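Colleague: sequence first, then the predicted structure:
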Amino acid sequence: MTKATRRDFLEIAGVTMGAGMAGILASGHAPAFAQGTTVHWLRWNDFVPACDQLFRQQIIPAAEKALGIKVRYETVNGNDLQPRITAGIQSGAGPDVMMLFNNHPHLYRASLADVSDVAEEVAKAQGGWYRVASANSSSGGKFFAIPMALIPAMNAYRKSMFAEVGYNSFPTTWDAYRDLGKKLKAKGYPIGQSFGQSFGDPPTFAYPLLWSFGGAEIDSGGKVVINSKETVEAVKWMTAAWKDSFDEGGLAWDDASNNRAFLSGTICSTLNGASIYIESKRKPDQYKQANGKPLHEDIAHAPLPGGPKGQFGFHTFTSHVIPSYSKNVKAAKDLMRFILTSENYAQWFETGQGFYAPGTTSWETHALWKKDAAMAPFAIAGKSGLTPGYPGEPNAKAAEVLTKYLIGNMFAAAIKGQKAEDAVAACAAALGKIYV
């Protein structure tokens, strides 16, 4: 066996520590980890199952070989991710890498490893992070989460149904959307929207609706301002439109319910990621229109309508954190470097077929967005996405509001019969206990 010199060691270490994943691959050497190092990686059960399969069958085995580690890949329901990290931090043991949504990393900032080195390497190589990515993952110039991707929220809608009631394109105002929904609900095809307590579709609808009427939970200085006439107007609009135009069972829906409703042909439109379209395109013989043609041919996408104060978007954001209790922080970082290297990330992104939009700008012009006109609106979602707490910071307090579903619950309370002014006042009181 050839004896390694001090210079050999320093060269390898310098490549591994200073040049990131590109250096590791160029060196031909795996990083030096303790024998039997296992990185436990926790993610959600992907809405695009092929993405999980890609990780399990191709990317993870390649990472294990390149890095000299073992990876335990575990998936759970998306709503179970936050309880898992809370339990892990409280007990001081759990997964080494964990997926989180939106600004949830801010809640655990004090218990997370600094991952600025990984985030900065990715940003430098891929055009820089969108503001929505950096805001949800960092504060004070330090990253405590590694951005992964956005799940752009767009309205999937039935072009033929819209045309039946005189709409040849998606409405640009809330009032027009209510009018369309009322006409189609009378025909048995209402708008479908989840207002249950779930991490994805309810907040991505509720927050932009609030903002578009001029409402906000806090102002730019962090003062609670939700108890306003603008917020009351947004709540009143939703309450009336719910009866007129929406599937009223949506109060009990989670993030999968509207997918099922749309694919079964019982609703005309819903706010969602691209998973509905991708699934219908993947199984054209299973999902069909009434005329027998493939359902995906009748689906188009558009952003939410605008209100008196503008048009806004809130796209579910995903990132990975490394809890500071982990005994494998360096190995976990190198795993994330490997996953986010352009070549490996491209495999995952392309497998997702547009369900995910990268958090860096260089992917806007990727060929995937140009292959299918129905997917074009998703390409630049990163530019338009705002964060919880807007126009304030998406900090731990805004994350607590989001995780307690307070904004969505305000609308839901009024839908269930509470007076709009009372629902808003109750929300303001709850926010006041957080923003102190």
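Modeller: On my side now, so go ahead.
Colleague: which SS state does residue 433 fall under?
Modeller: The three-state assignment at residue 433 reads helix, by DSSP: H, G, I helix; E, B strand; the rest coil.
Colleague: burial count for it?
Modeller: Neighbours of residue 433 under the rule other Cβ atoms under 10 Å: 9. In short, each C-beta sits where N, CA and C put it, glycine included.
Colleague: measure it to residue 327 for me?
Modeller: 37 Å (Cβ to Cβ, to the nearest Å).
Colleague: run through who's touching stretch 194-201.
Modeller: Stretch 194-201 is touched from outside by 78-79, 82, 101-102, 151, 153, 193, 202, 205-206, 250-255, 257-258, 270-273, 316, 405, 408-409, 411-412, 415, with contacts defined as Cβ atoms under 8 Å, 6 or more residues apart in numbering.
Colleague: and the strands in the stretch 251-400 of the chain?
Modeller: With DSSP state E, counting those that start in this stretch as the criterion, the stretch 251-400 of the chain has strands at 269-272, 299-302, 316-321.
Colleague: coming back round to it: the contacts of stretch 194-201, buried ones only, as a ChimeraX selection?
Modeller: A single ChimeraX command selects the buried members of the contacts of stretch 194-201 (16 or more other Cβ atoms under 10 Å):
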select :78,82,101,102,151,153,193,202,205,206,250,251,253,254,255,257,258,270,271,272,273,316,405,408,409,411,412,415
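Colleague: among the contacts of stretch 194-201, which are in helices?
Modeller: Using DSSP state H, the subset of these located in helices is 82, 202, 205-206, 257-258, 408-409, 411-412, 415.
Colleague: can you add pLDDT and distance to residue 370 and give the residues you listed back as CSV?
Modeller: As requested, the ones in helices among the contacts of stretch 194-201 are exported to CSV (pLDDT from 0 to 100; distance: Cβ to Cβ, whole Å):
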residue, pLDDT, distance to residue 370
82, 93, 36
202, 93, 32
205, 97, 28
206, 97, 32
257, 94, 32
258, 95, 28
408, 96, 35
409, 96, 40
411, 97, 37
412, 97, 39
415, 97, 40
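Colleague: output these in a markdown table; the columns should cover distance to residue 138.
Modeller: Listed next are the ones in helices among the contacts of stretch 194-201 as a markdown table, based on distance: Cβ to Cβ, whole Å:
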| residue | distance to residue 138 |
| --- | --- |
| 82 | 19 |
| 202 | 26 |
| 205 | 26 |
| 206 | 25 |
| 257 | 33 |
| 258 | 32 |
| 408 | 26 |
| 409 | 28 |
| 411 | 30 |
| 412 | 32 |
| 415 | 36 |
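Colleague: now for the residues you listed: which two are most distant?
Modeller: The two members of those with the most space between them (Cβ to Cβ) are 82 and 415, at 25.1 Å.
Colleague: now do the contacts for residue 142.
Modeller: 114, 116.
Colleague: so it versus residue 119, what's the distance?
Modeller: According to Cβ to Cβ, residue 142 stands 9 Å off from residue 119.
Colleague: how about residue 395?
Modeller: Counting by Cβ to Cβ, the gap from residue 395 to residue 119 is 18 Å.
Colleague: pLDDT-wise, which helix or strand of this structure ranks last?
Modeller: Lowest by mean pLDDT, DSSP states H and E among the helices and strands of the chain is helix 6-18, with a mean of 37.
Colleague: wait, isn't residue 296 in contact with residue 283?
Modeller: No. Look at residue 296 against residue 283 with Cβ atoms under 8 Å: they stay out of range, at 9.1 Å.
Colleague: between the two, tell me which one has more neighbours.
Modeller: Shown here are residue 296 and residue 283; by other Cβ under 10 Å, residue 296 has more neighbours (20 against 14).
Colleague: quick check: pLDDT value at residue 67.
Modeller: With respect to pLDDT, residue 67 scores 96.
Colleague: picking that back up, which of residue 395 and residue 119 has more neighbours?
Modeller: More crowded of residue 395 and residue 119, by other Cβ under 10 Å: residue 119, with 25 against 20.
Colleague: what's the first helix or strand after the helix or strand containing that one?
Modeller: Using DSSP states H and E, the element containing residue 119 is helix 116-125. As assigned by DSSP H and E, the chain's next helix or strand after helix 116-125 is helix 131-137.
Colleague: name the residues of that next one that are buried.
Modeller: Neighbour-count burial for helix 131-137 [16+ other Cβ under 10 Å]: 132-137.
Colleague: quick one: residue 74 is in a strand?
Modeller: Yes. Assessed by three-state DSSP, residue 74 belongs to a strand.
Colleague: name the helix or strand for residue 155, please.
Modeller: strand 154-158.
Colleague: other SSEs contacting that strand?
Modeller: Using 3 or more Cβ pairs under 8 Å, 6 or more residues apart in numbering; DSSP states H and E as the contact test, the elements touching strand 154-158 are strand 269-272, strand 299-302.
Colleague: only alpha carbons, please: show it as PDB.
Modeller: Extracted in PDB, the C-alpha atoms of strand 154-158 (Å, rounded to 0.1, in the frame of the first residue of the first chain):
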ATOM      1  CA  MET A 154     -51.000  27.800  -9.800                       C
ATOM      2  CA  ASN A 155     -54.700  27.300 -10.600                       C
ATOM      3  CA  ALA A 156     -55.200  24.100 -12.600                       C
ATOM      4  CA  TYR A 157     -58.400  24.600 -14.500                       C
ATOM      5  CA  ARG A 158     -60.600  22.900 -17.200                       C
END
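Colleague: given that strand, what are its sheet partners and their directions?
Modeller: Strand pairing for strand 154-158, determined by DSSP bridges: strand 269-272 (antiparallel), strand 299-302 (antiparallel).
Colleague: helices and strands around the helix or strand following it, which ones?
Modeller: Per DSSP H and E, the first helix or strand lying C-terminal to strand 154-158 is helix 159-164. Counting contacts by 3+ Cβ pairs under 8 Å, 6+ apart, helix 159-164 is packed against helix 174-186.
Colleague: quick check: which ranges of this protein have low pLDDT?
Modeller: Counting by pLDDT under 70, the low-confidence segments of the chain come to 1-30, 32.
Colleague: domain ranges for it?
Modeller: Following automatic domain parsing, the chain resolves into domains at 33-150+317-371, 154-314+404-434.
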